[in-house]
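K.L.:
sequence and predicted structure below; questions after.
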Amino acid sequence: EVTTVNPPGYVCKAMLDDCYGNGFPELKRFTNLPFFNEDGILRTRPGYNKVDKIYYQPTYKDLGKDLVRCCRNGGEDWLAKVKSAKEWLEAPIVDFPFVDESSKAVWYSGLFTPFVRELIRGPVPLHMFEAPVAGTGKSNLAKLIYLIALGKIPTQIWPKEEKEVGNTLSSGLMTNQGHFFIDNFKNKMDSATLDMVLTSFPTWQLRLFHSNTHNVEIEAPVLVTLTMNNGELTKDGMRRTIVCRIDSGEENPEERKGWTIPEVLPWAEKNREMLIKAVLILIVDWMERGGKIAGKEVLGSYESWAKLIGGLCKWHELGSPIGNRQALSEAHDYEGLAWKALVKAWLTHTGPLTDKNKTRVLTVKKGEHLPDVLTASALLCLIQLYEISLGVANSVRLGRKLSSIEGRVISGCSIKKTSLDGVSQYTLVKV
């Protein structure tokens, strides 16, 4: 009788450590997509490639084969293929109410990134899809990307506790070929672990459950997406995020009619092969005819991604995926808005800063009521944000928060802390 059992742990470890010279080859990830490797070569041959360390198991036979040769031959036939490819990719999103060109470019960024991930020598920002109300279509936009690039929708349940985030991310990324999808998140996205993963490259480390010594290395994500209604992020989170915003301007957007493709997700599943081919054509065209033109806009920590995806979008006149960052970052930075309100109220209380008088002092005394400046209605957002009330003991809590942003420039001013006879003083200095 044959019984299936798991091999002993020491056997697995020995094989993976290559102790006997016959260990397993290193495997970064599986993919069912043709992809461009680090040298810009389009990989279309099935199986494991020891150079790229990626196992390609195609869903469609010979998909992408000979595209580079066709492009190099040039002519009207190739230009017709490029035009048709753009039409194929525009078809499923033509009726989504993007608020600006950059929001649409974010969708294209999410679509292109899985195909060129090996060319990006750094991390990839979080792609957030948001709308003012439910039913606008933000989830469908993200799902379209995954149905094309992955062939399935890798929705994950986000954990309630921060200590569980690492294991949730690792299991989701390894199960879904480096993809992670957080759908309809309803709270403020505030996760130090996610922030760390979004800026890690080429790998990030996770400490195993019930272990104080064993860490595992996990490949940096291919793509992480998030959908929210009027999403709220921390300042660190916003720095790692690009935003696609849609807004139908309707009270009940789920009741909209007149869609060109009424059932867009089944349509994408049915036409996945043509949509993948369309993406490959646009990338090959950018690499061969566009000379790998680079995007000029910069996003800190994501320079490689910004140059590559920015250039790809620019070549095909699809807009810039980070062109709307400043406006949307300010709108989502609730903490920053609160501190700007504080500076405004501070100056209202003490008088404006001038070239001759570049400082204004605010005294926060332990055991006393907060200064009158904090009774300004403009400060309600700050008070609510940090759960600071207008009571006596909370002057200490406010003082700590002021200390935490010492040196940060807000509305052209910087906060500096001093102490006089045991009393904390905070000076607003014109920069």
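P.N.:
It's in. Residues are numbered from 1 along each chain as shown.
K.L.:
going forward, measure contacts and count neighbours with C-alpha atoms only.
P.N.:
OK.
K.L.:
does Glu130 belong to a helix, a strand or coil?
P.N.:
Here Glu130 is strand, with the state taken from DSSP: H, G, I helix; E, B strand; the rest coil.
K.L.:
counting neighbours, what do you get for it?
P.N.:
Neighbour count for Glu130, taken as other C-alpha atoms under 10 Å: 25.
K.L.:
list the beta-bridge partners for it.
P.N.:
Beta bridges link Glu130 to Met228, Arg245, judged by DSSP bridges.
K.L.:
wait, what's in contact with it?
P.N.:
Contacts of Glu130 were listed using C-alpha atoms under 8 Å, 6 or more residues apart in numbering, and they are Lys138, Thr227, Met228, Asn229, Asn230, Gly231, Val243, Cys244, Arg245, Ile246.
K.L.:
isn't the fourth one up against Asp183?
P.N.:
No. Shown here, Asn229 and Asp183 do not form a contact pair, counting by C-alpha atoms under 8 Å, at 10.4 Å.
K.L.:
contact partners of stretch 305-314?
P.N.:
Contacting residues not belonging to stretch 305-314 are listed as 105, 108-109, 112-113, 120-124, 283, 286, 292-299, 319-321 [C-alpha under 8 Å, 6+ apart].
K.L.:
list the buried ones in it?
P.N.:
By neighbour count, with 16 or more other C-alpha atoms under 10 Å as the criterion, the buried positions of stretch 305-314 are Trp305, Ala306, Lys307, Leu308, Ile309, Gly310, Gly311, Leu312, Cys313, Lys314.
K.L.:
next helix or strand past the helix or strand in which the last one is found?
P.N.:
Element membership of Lys314 [criterion: DSSP states H and E] is helix 303-315. Helices and strands here follow DSSP H and E; after helix 303-315, the next one along the chain is helix 325-332.
K.L.:
how big is the angle separating the next helix or strand along the chain from that next one from helix 325-332?
P.N.:
Secondary structure here is assigned by DSSP H and E; on that basis, the next helix or strand after helix 325-332 toward the C-terminus is helix 334-350. Counting by axes from the mean of the first three to the mean of the last three C-alpha atoms, to 10 degrees, helix 334-350 points 80 degrees away from the direction of helix 325-332.
K.L.:
distance between the helix holding Lys314 and the chain's centre?
P.N.:
Here the centre of helix 303-315 is set off from its chain's centre by 15 Å, with C-alpha atoms, centre = their mean, to the nearest Å.
K.L.:
what is the rounded mean pLDDT of it?
P.N.:
For helix 303-315, the mean per-residue pLDDT is 96.
K.L.:
mind saving the C-alpha coords of that helix as PDB?
P.N.:
Listed next in PDB are the C-alpha coordinates belonging to helix 303-315 (Å, rounded to 0.1, in the frame of the first residue of the first chain):
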ATOM      1  CA  GLU A 303      12.700  56.200 -10.400                       C
ATOM      2  CA  SER A 304      13.100  53.100 -12.600                       C
ATOM      3  CA  TRP A 305       9.300  52.500 -12.800                       C
ATOM      4  CA  ALA A 306       8.700  56.200 -13.500                       C
ATOM      5  CA  LYS A 307      11.200  56.300 -16.400                       C
ATOM      6  CA  LEU A 308      10.000  53.000 -18.000                       C
ATOM      7  CA  ILE A 309       6.200  53.200 -17.600                       C
ATOM      8  CA  GLY A 310       6.300  57.000 -18.000                       C
ATOM      9  CA  GLY A 311       8.200  56.600 -21.300                       C
ATOM     10  CA  LEU A 312       5.900  53.800 -22.500                       C
ATOM     11  CA  CYS A 313       2.800  55.900 -21.800                       C
ATOM     12  CA  LYS A 314       4.400  59.000 -23.400                       C
ATOM     13  CA  TRP A 315       5.300  57.200 -26.600                       C
END
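K.L.:
having no further points to raise, I will conclude here.
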